[in-house]
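1. pasting the structure only:
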């Protein structure tokens, strides 16, 4: 008789954890000012692993004086850094890019521990793009006169970044600023400071002149002190629209230059002639990538009514294969929600979805007992009047709406205060161009979603902010 | 759309529903209706499909899952020799290997089948006896398929009469690329008839699409549906004589096709990637794809096969490594 594997046995993937041994998390961290780690004078706070609620380290908080010291250090450093030939600045940036690539595993593991995102994403998406971003802008440093935005740096840039892509947002801010000859004071989010502090070590390892990069940790107060500091020439912020508006008010009437990259409620539009299996992958990637903590997430699915049932059937079947759990397991697709606060917001808006009559569906999945978790969720029967179709949930929650004609799709897609990104799925090339031209969104993806590349500019319309990051366009915000 | 599910909603188990040519359906009434149906299938976006396959390839299969996958993969191998230099001695050696892949370990599963040219079927059948390992024969003017229809049918009957349990036929790729879909449909259906034995049973039919010659994923999807509509029990990627042979994205598209076909008709069809899968690591990527795309029902030698020769020894070496904790090297597996 043929002895074959027992057909009743199932192919259960055994745990495949990435080792934590490669990272060395210190019990406490100071601020990185003028090339050195120094104590902060605010009230120290703790950063936790959102997958387990384990306290990882104590982080110094920068008070107004600390921020002032950091800005002064940046100002002093700007003199030498901005006069250095571009080719010399490029050497430092190339060196940083190489060190990031060499220490990529360490950075990926630390990012997953502090943020909760799956190691598959931090390893295959975040850290490789971070390195690529530094490589890309290193290449511009000695070619600024060909970019068309002038060659003179602005001075000191105050940069405040969010917790969803801690290291990647750092790279988007620091790489172009330094390439253009600016110096920076960067504040990472209070829930995810660890990779920024490891990046500070990398700056030391690269012998970056002191004060060119300064990192001050803290919460909203530190951020306010930084963007409000009178000796700052440029403010760059990525985060919520609410905070973005406050920053715009703070800098109003000053000569500070500002770029803001804020919230989104992107429409992912699936036409009836779309490549459906790949569209389903794009929908999944659009909303469940990074637990939906993505400002450009495809959180509104607009699907043509004639294929809506088919697409939803395929989508649900696909969602049932998503693996939710330990971010360090190499087979995890969806990790932990970054904080208790964010989890509460996702729960609150989902409850509103229920109350407004939308139908909620999640695949069966066991969530860990500790940490912050939310299952991948879709709401069907959503219409434009529902709050879950208008407000940014910033979690793994998809609102599904239908449309009948291309004109209706465009109208619904644009009917939002936001305008960061959008997706179009169709096999018809002419329709892609026609629809993309009508969408008021900074990025329109065709037959793909959530694709990032250092050469491609990124930014919003309307309440999604202004200014572009990435590509040649990204230089404009740091030159005069 | 003229295509009507015949057994809508029913989910097939192994012997529940026999694939039959779907002659009654409107879609096969004429060349143009068949064309309309096949071209009405949702398109495949190449970039997206390859990205999905690459993502599935990053799954990390370790410890108990790896042990399960290695045994399952061994049990799915169609151990193949398709050479001009094949002799009865070579085929008997291969048969012995198929029945007992690891002579030092009785717990090692046998392979699913031995795959040979029709003239070697009798030899293989005799060597395998009642072991349960099947004999598969390539037929229909393999590998090019360039012969008259009566010759292809005679080739098939010859193999079936010699005792072949399974027939691996090739489709006429020239006809496919010229858009003569009904011709291929008829060809498959006739070969399916030629697979019948006098006792009423039938050899299982695997339809080789030769995806390396069809080139586009849209073509792979259409050819898959054509093979299923015409009554194939399995759809198979390649002959192994054309490069590229079985790639992961092509197999992904075919697994989507059998999944969708079962949902539409209730009939379950098997998939066989063949050619180019040489390492255990690659084989495990295919099993992950089966598991997550078609579903665990296909994780069975009755529904998924690997057409391979060198793959088996790598699977065996990895299996020894799992058992003993160290790599042994090629001198510790039999070279056949």
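-> On my side now, so go ahead. This structure is a prediction, so every number in the text was calculated from the model and none was measured. Numbering: from 1, shown residues only, chains lettered A, B, ... in the order given.
2. From residue B:55, how far off is the spatially most central residue of chain A?
-> Of all residues in chain A, the one closest to the mean position by CA atoms, centre = their mean is residue A:165, 3.7 Å from it. Taking CB to CB, to the nearest Å as the measure, residue A:165 falls 19 Å from residue B:55. To be clear about C-beta, it is placed using only N, CA and C from the backbone, and glycine gets the same treatment.
3. So which bits of the stretch 51-200 of chain A are right by chain B?
-> With CB under 8 Å from any CB of the partner chain as the criterion, the stretch 51-200 of chain A meets chain B at residues A:120, A:124.
4. Would you state the strands of the stretch 51-200 of chain A in chain order?
-> A:54-59, A:156-160, A:183-187 (DSSP state E, counting those that start in this stretch).
5. Who are the contact partners of residue A:26?
-> residue A:57 (CB atoms under 8 Å, 6 or more residues apart in numbering or on different chains).
6. Report the separation between it and residue A:58.
-> To residue A:58, residue A:26 is 9 Å away according to CB to CB.
7. Next, format the strands of the stretch 51-200 of chain A as CSV and append mean neighbour count.
-> Formatted as CSV, the strands of the stretch 51-200 of chain A follow (neighbours: other CB atoms under 10 Å in any protein chain shown):
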stretch, mean neighbour count
strand A:54-59, 16
strand A:156-160, 28
strand A:183-187, 28
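8. what about those strands, which gets the closest to residue B:232?
-> Closest approach to residue B:232 among those (CB to CB): strand A:54-59, 54.5 Å.
9. just checking, what packs against the closest one?
-> Helices and strands touching strand A:54-59, as assessed by 3 or more CB pairs under 8 Å, 6 or more residues apart in numbering or on different chains; DSSP states H and E, comprise strand A:28-29, strand A:45-49, helix A:194-205.
10. what angle separates it from strand A:45-49?
-> Put simply, strand A:54-59 runs at 150 degrees to strand A:45-49, going by axes from the mean of the first three to the mean of the last three CA atoms, to 10 degrees.
11. Provide the strand pairings for strand A:54-59, with the direction of each partner.
-> Strand pairing for strand A:54-59, using DSSP bridges, gives strand A:28-29 (parallel), strand A:45-49 (antiparallel).
12. If you count neighbours, what's buried in the longest one?
-> Of the residues in strand A:45-49, A:45, A:47-49 count as buried by neighbour count, 16 or more other CB atoms under 10 Å in any protein chain shown.
13. returning to that earlier point: just the helices and strands packed on strand A:54-59: most buried one?
-> Most buried of those, by mean neighbour count (mean count of other CB atoms under 10 Å in any protein chain shown): helix A:194-205, with a mean of 21.
14. In terms of secondary structure, what does that helix contact?
-> Other elements packing on helix A:194-205 under the criterion 3+ CB pairs under 8 Å, 6+ apart are strand A:31-33, strand A:54-59, helix A:86-102, helix A:104-115, helix A:166-179, strand A:213-215.
15. Closest one of the buried residues of strand A:45-49 to chain B?
-> Proximity of these to chain B was ranked by CB to the nearest CB; the top entry is residue A:49 with 20.9 Å.
16. how close does residue B:289 get to residue A:147?
-> According to CB to CB, residue B:289 stands 44 Å off from residue A:147.
17. Report the contact partners of the spatially closest residue to residue A:86 that is not a sequence neighbour.
-> Closest residue to residue A:86 apart from its sequence neighbours, by CB to CB, 6 or more residues apart in numbering or on different chains: residue A:142 at 3.4 Å. Counting by CB under 8 Å, 6+ apart, residue A:142 touches A:85-87, A:89-90.
18. Out of the residues you listed, which comes closest to residue A:330?
-> Using CB to CB, those come closest to residue A:330 at residue A:90, 35.1 Å.
19. all helices for the chain, in order.
-> Just going to use chain A. A:64-83, A:86-102, A:104-115, A:119-121, A:127-140, A:166-179, A:194-205, A:220-228, A:241-251, A:276-288, A:308-319, A:340-355, A:406-414, A:429-438 (DSSP state H).
20. Switch to chain B, please.
-> B:31-40, B:46-56, B:63-75, B:88-99, B:121-128, B:149-161, B:173-177, B:181-194, B:211-214, B:217-229, B:248-265, B:280-289, B:311-324.
21. quick revisit: now, among the buried residues of strand A:45-49, which is nearest to residue B:203?
-> For the buried residues of strand A:45-49, the closest approach to residue B:203 (CB to CB) belongs to residue A:49, at 58.1 Å.
22. Retrieve the pLDDT associated with that closest one.
-> Model confidence at residue A:49, expressed as pLDDT, equals 98.
23. Make sure it is actually in contact with residue A:112.
-> No: contact criterion CB atoms under 8 Å: residue A:49 and residue A:112 do not qualify, at 9.2 Å.
24. Distance check, residue A:91 against residue B:234.
-> Counting by CB to CB, the gap from residue A:91 to residue B:234 is 59 Å.
25. Looking at those two, which is more packed in?
-> The neighbour count for residue A:91 versus residue B:234, taken as other CB atoms under 10 Å in any protein chain shown, is higher for residue B:234 (26 against 16).
26. Contacts only, for that one.
-> B:204-207, B:269-272, B:305.
27. what's the nearest residue to the closest residue to chain B within the stretch 151-300 of chain A if we skip its chain neighbours?
-> As assessed by CB to the nearest CB, chain B sits closest to residue A:278 within the stretch 151-300 of chain A, at 3.0 Å. Closest residue to residue A:278 apart from its sequence neighbours, by CB to CB, 6+ apart: residue B:48 at 3.0 Å.
28. My read is that the one you found contacts residue A:448, right?
-> Yes: applying CB under 8 Å, one finds residue B:48 in contact with residue A:448, separated by 6.5 Å.
29. and for these two, which residues touch both?
-> Common neighbours of residue B:48 and residue A:448, counting by CB under 8 Å, 6+ apart, are residue A:282.
30. So for these two, which residue has more residues nearby?
-> residue B:48 (23 against 19).
31. what does the model give the more buried one for pLDDT?
-> 97.
32. Could you do residue B:27 as well?
-> 87.
33. How about the residues of chain B by chain A?
-> Residues of chain B lying close to chain A by CB under 8 Å from any CB are B:42-45, B:47-49, B:51-52, B:58-66, B:68-69, B:71-72, B:75, B:107, B:109-110, B:112, B:131-133, B:256, B:287-288, B:291-292, B:296, B:299-301.
34. who's in contact with the residue in chain B that chain A sits nearest to?
-> Closest residue of chain B to chain A, CB to the nearest CB: residue B:48 (3.0 Å). Under the criterion of CB under 8 Å, 6+ apart, the contact list for residue B:48 reads A:275, A:277-279, A:281-282, A:447-448.
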